[in-house]
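[1] No letters, just coordinates:
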Ligand code: SF4
């Protein structure tokens, strides 16, 4: 009984979060920055913050995460971190030679009010930024929002710094990716290529956080959106923003700055959300849906038909990022499963209408909550009141899974106790087949466990 203190009785809480269903803002900013080619993220705060951000990303992606820190001491906490940041910029360009330094703030530097724009201007005035190199920034006070907010802030920062409208429109389509795995980003590129649509994907962590082992250490792996493409994004004819929480602000910034209109869509998780993504690609790319993509859809339908008998009516609890939960809930409904409990630690008032729409007729029978008090403790209490057949979410559900003996599909961020998640996509029709395969595997395990009346072998 790892979570033996979880009580069944639920009391309203206003100022207490227990086992948050989220991580901190700068982790998202760091992940987004890693999706830019030759970019070195920099954490403006204490070493402890940076260690936490790096270690969480390293444990999830099983890759070394390079990042700088302003290494605040008591002195910088009182007098400000300008001197530390200036020295850090100078050191990083001199020693590590990145094309871009992407600075994000932390709780501490936000609380003391460090002005990153003023400090980077000073660095530029004092010739600390070499010609052709860039220093960009975003603010990530982690006492609000979540890792998704930090990701969104950095993506917006990237767009604002780089995109330029030269006055000549290209035929390219921007795709601003929400927070998904490197394999998902690769899958989005593959599907676009199959459709014959020339895209700029930003950010793009494929070949950065799943770079091949070559026997040689590459401080900056070969992947990531290039500066040339980031600038060219301002000339694209349209933008598809995948995931409201992670990409909407960036899409708006790009439209305001460069007059590139955008369409907001869900992440292509599941059947209908992938349909909408494919239709958006066809519409804005001016192409027909490729036969190969239609075949992939047909294969997904076939697997749904085959697996329906095992999944029908299963009660599911899910947690994680809103951009994942909304299309995932819609997909579970399509499978005739019952998403009964949903929590997201990420705030955003659009969550309720969006999740209600995704759940359709089941909305009133589903318990959902978002924001600071939507935590894993509450999820456990709901499950104690009435159990579920399946859990889908990040690593934070593993103790509930063990204590309540419920099968568990790991999905989302962070996943700290498994490998593979960053190599196989969840997006697109192929990703939906993978989700089905994992869920139905758990469903089988659940049936066998019931039949033999013995605990799951974890
Ligand atoms: S929550 Fe704030 S203090 Fe804690 S690691 Fe994140 S940025 Fe640092």
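    Yep, that arrived. Small disclaimer: the values here were computed from a predicted structure and weren't measured. Numbers count the residues shown, from 1 in each chain.
[2] hey, let's count contacts and neighbours off CA atoms from now on
    Will do.
[3] In contact with the residue lying closest to residue 438 once chain neighbours are set aside, which residues are there?
    Leaving aside its sequence neighbours, residue 438 sits nearest to residue 409 (CA to CA, 6 or more residues apart in numbering; 6.6 Å). Listed by CA atoms under 8 Å, 6 or more residues apart in numbering, the contact partners of residue 409 are 390-393, 438-439, 442.
[4] Return the member of these nearest to the ligand.
    residue 393 (21.2 Å; CA to the nearest ligand atom).
[5] just the buried members of the contacts of residue 409?
    Neighbour counting by 16 or more other CA atoms under 10 Å classes 390-393, 439, 442 among the contacts of residue 409 as buried.
[6] Run through those residues and flag the ones next to the ligand.
    By CA under 6 Å from any ligand atom, no member of those lies near the ligand.
[7] Filter those down to the ones in strands?
    390-393 (DSSP state E).
[8] tell me the pLDDT at residue 15?
    Note on residue 15: pLDDT of 87.
[9] Name the SS class of it, please.
    coil (DSSP: H, G, I helix; E, B strand; the rest coil).
[10] who's in contact with it?
    By CA under 8 Å, 6+ apart, the contact list for residue 15 reads residue 373.
[11] quick one: residue 59 and the ligand, what's the gap?
    For residue 59, the distance to the ligand (CA to the nearest ligand atom, to the nearest Å) stands at 15 Å.
[12] likewise residue 33?
    To the ligand, residue 33 is 16 Å away according to CA to the nearest ligand atom.
[13] Likewise for residue 315?
    For residue 315, the distance to the ligand equals 33 Å [CA to the nearest ligand atom].
[14] what's the answer for residue 418, then?
    Taking CA to the nearest ligand atom, one finds residue 418 at 23 Å from the ligand.
[15] Which of the three states applies to that residue?
    Going by three-state DSSP: residue 418 is coil.
[16] Ok, the one 5 residues further on next?
    Three states are possible here, and by three-state DSSP the one that applies to residue 423 is coil.
[17] quick one: contacts for the closest residue to it other than its chain neighbours?
    Spatial nearest neighbour of residue 423, excluding adjacent residues (CA to CA, 6+ apart): residue 183 at 5.1 Å. Contacts of residue 183 were listed using CA under 8 Å, 6+ apart, and they are 206, 210, 422-425.
[18] The closest residue to residue 180 other than its chain neighbours: neighbour count?
    Residue nearest to residue 180 in three dimensions, not counting chain neighbours: residue 412, with 7.7 Å by CA to CA, 6+ apart. Neighbour count of residue 412, defined by other CA atoms under 10 Å: 21.
[19] cool, residue 48 as well?
    Neighbours around residue 48, by other CA under 10 Å: 12.
[20] And it, how far from the ligand?
    Distance from residue 48 to the ligand, by CA to the nearest ligand atom: 7 Å.
[21] Go ahead and name everything in contact with the helix or strand encompassing that residue.
    In this assignment (DSSP states H and E), residue 48 forms part of helix 47-61. Outside helix 47-61, the residues within contact range by CA under 8 Å, 6+ apart are 26-27, 30-31, 43, 63-72, 106, 209-210, 413-416, 422.
[22] Intersect the residues you listed with the contacts of the ligand.
    residue 106.
[23] just the buried members of the contacts of helix 47-61?
    Buried by 16+ other CA under 10 Å: 26-27, 30-31, 43, 65, 67-72, 106, 209-210, 413-416, 422, out of the contacts of helix 47-61.
[24] secondary structure class for whichever residue of the stretch 251-400 of the chain sits closest to the ligand?
    Nearest residue of the stretch 251-400 of the chain to the ligand: residue 372, at 12.9 Å (CA to the nearest ligand atom). Under three-state DSSP, residue 372 falls in the coil class.
[25] circling back: could you grab the helix/strand/coil label for the residue nearest to residue 438?
    strand.
[26] that older thread, any idea of the pLDDT on the residue nearest to residue 423?
    98.
[27] Now do the SS call for it.
    helix.
[28] coming back round to it: tell me which of the ones in strands among the buried ones among the contacts of residue 409 is nearest to residue 295?
    Residue 295 lies nearest to residue 392 out of those, by CA to CA, at 27.5 Å.
[29] Can you pull the residues of the stretch 51-200 of the chain lying near the ligand?
    52, 106-107, 142.
[30] mind listing which of those residues are in strands?
    Going by DSSP E, the strands hold none of these.
[31] Return the members of those residues classed as buried.
    Neighbour counting with 16+ other CA under 10 Å marks 106-107, 142 as buried within these.
[32] isn't residue 105 right next to residue 46, touching?
    No. Assessed by CA atoms under 8 Å, residue 105 is found out of contact with residue 46, at 10.0 Å.
[33] More neighbours: those two, which one.
    residue 105 (28 against 21).
[34] Just list whatever residues bridge to the more buried one.
    Counting by DSSP bridges, residue 105 is bridged to residue 44.
[35] Let me know the pLDDT of it.
    We have a pLDDT of 98 for residue 105.
[36] swap in residue 372?
    Per the predicted model, pLDDT is 88 at residue 372.
[37] Distance check, it against residue 146.
    Distance, residue 372 to residue 146, using CA to CA, to the nearest Å: 9 Å.
[38] Need the residues touching each of these two.
    Common neighbours of residue 372 and residue 146 (CA under 8 Å, 6+ apart) are 345-347.
[39] Reformat the residues you listed as CSV; add secondary structure.
    Conversion of the shared contacts of residue 372 and residue 146 to CSV gives the following (three-state DSSP):
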residue, secondary structure
345, coil
346, coil
347, coil
